[in-house]
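*Asks:* When you get a sec, could you give me coordinates for this:
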Amino acid sequence: MATTSLSHAYRDTHLHYTHIVPLDFAAVEDLPESHTWTNTHAGGGGLHLPAAVPTIDLRSPSAAALVGDACREWGMFQVTNHGVPAGLVEEVEAHARRLFELPAEQKLKAVRAPNGATGYGVARISPFFTKLMWHEGFTIMAGSAVEHAKLLWPLHYQEFCDAMDNYKKKMKSLAYKLFLIILKSLGYDEDNQETSLLSASLNQSEGALQLNSYPSCPNPSRAIGLAPHTDSLLLTILHQNDTNGLQIFREGGVGWVPVTPLKGALVINVGDLMHILSNGCFPTVYHRVVPNETRRHRFSVAYFYGPPADSTVAPLAIVGRQFPRFRAVTVREYIGLKNKHLEKAIGLIKI
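*Replies:* Have a look, this model is predicted:
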């Protein structure tokens, strides 16, 4: 039985941060040198406008086939009719806005510890880059919402915690539903033994919730909200407010493609562990966030879904029996590899 929590896995394989505390964005009039990226990395250059990321109605009879196609061709898609109440999504976004609009000194009461995985702080991938990102985040894992919310709102924390807990439950349910749809697209059914074992493992999953804030930027063409990266776990479910900024990288000379917010839709993207399970059939795609050119404040809420940290992930038999492309790896080991090597981690477990 799994004994290591996801939060412990991140804490035990933590990155060495030299800068934990986000900038006090409200106090800044000009883009600091510490946050100024070259034109090679900034959001303005090299953007193309090809076909949009697919949008799939989960009530459609062809949803499984469409999800499978989107996973193979894009590694990312948007879903509608997903069953998550709009009121709950709006409530969670409102709480995120309320949190990030607190004075800087108040937010620092819940700052993430140097060896911690939860709380307020910079993006986890920050140590891999020489410049800082125009971003502040708040990470929630098992039990951490209460711990940090009490520090922010000593007398009024319960409403925030209840909303986050309810949202995580809905996200976990939707993620599991999507996971089964994806397995079906690979040729599995729910009665398959391998599927049953995966399902049993995922029922123990806690997942992680990430609240993101990308404030209005004084020079958006020279800054990065979140640098290019892939997500580590199976699936990510993202709610973004009505402000542009998310982009996905497309091969073949296409470049960066915007993922336009659609009212009521959620963005789904394939993570590294799903890439491994599918034996490389589903790409884990680079994505980034650029500061909004209209200088609007962007908020998003990401739910990261994966098996418990002690679980082992390997290519599924139906796609990797004859020629597995990856060795088996525990979630904890892979998180450790990702925390040390970032985008090179996948290559380290290739056969």
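
*Asks:* Against residue 70, how distant is residue 339?
*Replies:* Residue 339 is 29 Å from residue 70, where distance means Cβ to Cβ, to the nearest Å. (Each C-beta comes from the backbone N, C-alpha and C, glycine too.)

*Asks:* To clarify, my last question referred to residue 215.
*Replies:* 32 Å.

*Asks:* the helices in the stretch 51-200 of the chain, which residues?
*Replies:* 63-73, 86-100, 104-107, 144-152, 158-185, 193-202 (DSSP state H, counting those that start in this stretch).

*Asks:* can you tell me which of these comes nearest to residue 347?
*Replies:* The minimum distance between residue 347 and the helices of the stretch 51-200 of the chain falls on helix 63-73, with 20.8 Å, by Cβ to Cβ.

*Asks:* which ones are touching the closest residue to residue 212 other than its chain neighbours?
*Replies:* Leaving aside its chain neighbours, residue 212 sits nearest to residue 300 (4.5 Å; criterion: Cβ to Cβ, 6 or more residues apart in numbering). Residue 300 makes contact with 211, 212, 214, 238, 239, 240, 241, 246, 289, according to Cβ atoms under 8 Å, 6 or more residues apart in numbering.

*Asks:* Going by secondary structure, the second one is in what exactly?
*Replies:* Assigning secondary structure by DSSP states H and E places residue 212 in strand 208-214.

*Asks:* what angle sits between that strand and helix 144-152?
*Replies:* 40 degrees (axes from the mean of the first three to the mean of the last three Cα atoms, to 10 degrees).

*Asks:* For the stretch 101-250 of the chain, give me the ranges with low pLDDT.
*Replies:* 190-191, 193, 195-196 (pLDDT under 70).

*Asks:* okay, now residue 351: neighbour count?
*Replies:* As a burial measure, residue 351 scores 9 neighbours (other Cβ atoms under 10 Å).

*Asks:* hang on, it packs against residue 329?
*Replies:* No. Under the criterion of Cβ atoms under 8 Å, residue 351 is not in contact with residue 329, lying 11.3 Å apart.

*Asks:* Pull up the overlap in contacts between those two.
*Replies:* By Cβ under 8 Å, 6+ apart, no residue touches both residue 351 and residue 329.

*Asks:* By neighbours, which of the contacts of residue 300 wins?
*Replies:* residue 214 (31 neighbours).

*Asks:* contacting residues around it?
*Replies:* 134-135, 225-226, 243, 245, 289, 291-292, 297-300.

*Asks:* can you list those residues in TSV and add distance to residue 266?
*Replies:* What follows is the contacts of residue 214, written out as TSV (distance: Cβ to Cβ, whole Å):
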residue	distance to residue 266
134	24
135	20
225	19
226	18
243	16
245	16
289	16
291	23
292	20
297	20
298	16
299	14
300	11
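
*Asks:* farthest pair in the residues you listed?
*Replies:* Checking those with Cβ to Cβ, the most distant pair is 226 and 297, at 14.7 Å.

*Asks:* So which of the two has more stuff around it?
*Replies:* residue 226 (22 against 17).

*Asks:* That one reaches residue 122, doesn't it?
*Replies:* No. If you go by Cβ under 8 Å, residue 226 and residue 122 don't touch, sitting 10.4 Å apart.

*Asks:* quick one: common contacting residues for the two?
*Replies:* Residues touching both residue 226 and residue 122 by Cβ under 8 Å, 6+ apart: 133, 135.

*Asks:* just how off-centre is stretch 222-239 within its chain?
*Replies:* Relative to its chain's centre, stretch 222-239 lies at 5 Å (Cα atoms, centre = their mean, to the nearest Å).

*Asks:* Quote the end-to-end distance of it.
*Replies:* 25 Å (Cα to Cα, to the nearest Å).

*Asks:* Roughly how far does the nearest residue to residue 285 once chain neighbours are set aside sit from residue 97?
*Replies:* Excluding the flanking residues, the one nearest residue 285 by Cβ to Cβ, 6+ apart is residue 75, at 3.8 Å. According to Cβ to Cβ, residue 75 stands 29 Å off from residue 97.

*Asks:* The two - which one has more neighbours?
*Replies:* residue 75 (24 against 14).

*Asks:* Can you check the pLDDT for the more buried one?
*Replies:* We note a pLDDT of 97 for residue 75 in this prediction.

*Asks:* Backbone dihedrals for residue 258, please?
*Replies:* Note on residue 258: its backbone torsions stand at phi -70, psi 140 [degrees, to the nearest 10].

*Asks:* residues contacting the closest residue to residue 77 other than its chain neighbours?
*Replies:* Excluding its sequence neighbours, the residue lying closest to residue 77 (Cβ to Cβ, 6+ apart) is residue 70, at 3.8 Å. Going by Cβ under 8 Å, 6+ apart, residue 70 touches 54, 56, 76, 77.

*Asks:* Would you indicate which residues of stretch 73-82 are buried?
*Replies:* Residues of stretch 73-82 classed as buried by neighbour count (16 or more other Cβ atoms under 10 Å): 74, 75, 76, 77, 78, 79, 82.

*Asks:* Mind checking which of those are in strands?
*Replies:* 76, 77, 78, 79 (DSSP state E).

*Asks:* List the contacts of the second one.
*Replies:* When the contact criterion is Cβ under 8 Å, 6+ apart, the partners of residue 77 are 53, 54, 55, 56, 66, 67, 70, 71, 267, 268.
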